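Q: What shape does this take:
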Amino acid sequence: MCAHILVAEDDIRQAMVIRRYLEQDGHTVAVVHDGAAAIDEARRHRPDLLVLDVMMPVVDGLQVCRVLRRESELAILMLTARNTEEDLLRGLGLGADDFMTKPYSARELMARIRTLLRRARRAAEVQDEPVDETVLRVGALTMDVGRHEVRCGARRIELTAGEFRVLSVMAAAPDRVFTRRQLLVRTRGANAFVTERTIDVHILNLRKKIEPNPRRPVHLLTVVGVGYKLTDGSECE
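A: All right, here's what the predicted structure looks like:
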């Protein structure tokens, strides 16, 4: 599974360590040390995956993620030295595919990269297949799976890939209660390295986008002690 991987890390020594492990795994690697260079390199050479540090000069990693996610479905693995939920929430909300906190083991880093590359390959293969004509409807919420479009009433909603996967699983079985683990397995696979907290982040961001009042949800409901369910609720604004 050889791939072209871009590493954006301002710590030169750390970047070289990551590069060495990636090259030993058979990948071609480009390394940059600031956010502006990461955006330019990604646009020019279209890597298969971006390993992206949050704290970088010129343009920080969160802004890099925001810019590149608008332009492509490039797989993005974010790294941060700060063990805070704020980074996790913002990174996943901007469309990052995975998140690791420093310090981390090289073994775990490589395992997560392999997982993201497999997922990206499967997504590319699906694009070559006949378009999925499935349209899911739950109350005023409509999901066109093939076109990756979501509407709440007449309003179009922009979702990240992770948010779309979670919502489509729940929309296919309205009123069914899903545990966090079930949603994680159905959207990431049984061997996913991300935590169940990732599901909470996606639910939080989805509520901000589809609920008339995210603090008093009527569509994405919490079932205390179990998980979440999607109901038809009231009409979307």
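Q: For the closest residue in space to residue 217 that isn't next to it in sequence, list the residues it contacts.
A: Once flanking residues are discounted, residue 217 sits nearest to residue 211: 4.8 Å by C-beta to C-beta, 6 or more residues apart in numbering. In this view, the C-beta of every residue, glycine as well, is placed from N, C-alpha and C. With contacts defined as C-beta atoms under 8 Å, 6 or more residues apart in numbering, residue 211 is in contact with 217-220.
Q: ranking the residues you listed by neighbours, who comes first?
A: Most neighbours among these, by other C-beta atoms under 10 Å: residue 219, with 24 neighbours.
Q: just checking, that one touches residue 208?
A: No: between residue 219 and residue 208 there is no contact under C-beta atoms under 8 Å: 11.9 Å.
Q: what about residue 188, how many neighbours?
A: Residue 188 - counted by other C-beta under 10 Å - has 20 other residues nearby.
Q: Summarise which helices and strands the helix or strand hosting residue 184 is packed against.
A: Element membership of residue 184 [criterion: DSSP states H and E] is helix 180-188. Counting contacts by 3 or more C-beta pairs under 8 Å, 6 or more residues apart in numbering; DSSP states H and E, helix 180-188 packs against helix 161-171, helix 197-210, strand 227-230.
Q: tell me the mean pLDDT for it?
A: Averaging pLDDT along helix 180-188 yields 85.
Q: Use 510 as the first number from now on
A: Taking 510 as the first residue, the last one we looked at is helix 689-697.
Q: Counting neighbours, which bits of that helix end up buried?
A: For helix 689-697, burial by neighbour count (16 or more other C-beta atoms under 10 Å) applies to 689, 691-693, 695-697.
Q: ok now that helix, how far from the chain's centre?
A: Offset of helix 689-697 from its chain centre (C-alpha atoms, centre = their mean, to the nearest Å): 13 Å.
Q: ok so residue 586 is a strand residue?
A: Yes: assignment of residue 586 by DSSP: H, G, I helix; E, B strand; the rest coil places it within a strand.
Q: Show the contacting residues for it.
A: 558-561, 605-609, 621-622, 625.
Q: which non-adjacent residue is nearest residue 582?
A: residue 670 (6.4 Å).
Q: Convert the host helix or strand of residue 547 to CSV, retaining C-alpha atoms only.
A: Assessed by DSSP H and E, residue 547 sits inside helix 544-554. Output in CSV follows, covering the C-alpha atoms of helix 544-554 (Å, rounded to 0.1, in the frame of the first residue of the first chain):
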residue,chain,number,x,y,z
GLY,A,544,1.4,25.8,7.2
ALA,A,545,1.6,28.0,4.1
ALA,A,546,4.1,25.5,2.6
ALA,A,547,1.8,22.6,3.4
ILE,A,548,-1.1,24.2,1.5
ASP,A,549,1.1,24.9,-1.5
GLU,A,550,2.6,21.5,-1.5
ALA,A,551,-0.8,19.8,-1.2
ARG,A,552,-2.2,21.8,-4.0
ARG,A,553,0.7,21.1,-6.3
HIS,A,554,1.3,17.4,-5.7
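Q: Other residues contacting it?
A: With contacts defined as C-beta under 8 Å, 6+ apart, helix 544-554 is touched by 513, 515, 517, 539, 541, 556, 559, 561, 565-570, 572-573, 576-577, 580-581, 583.
Q: same thing but 10 Å
A: 513, 515-519, 537, 539-541, 543, 556, 559-574, 576-577, 580-581, 583, 585 (C-beta atoms under 10 Å, 6 or more residues apart in numbering).
Q: Can you report how many residues lie near the closest residue to residue 568 other than its chain neighbours?
A: Among residues not flanking residue 568 along the chain, residue 544 sits closest, at 2.9 Å (C-beta to C-beta, 6+ apart). Residue 544: 25 surrounding residues under other C-beta under 10 Å.
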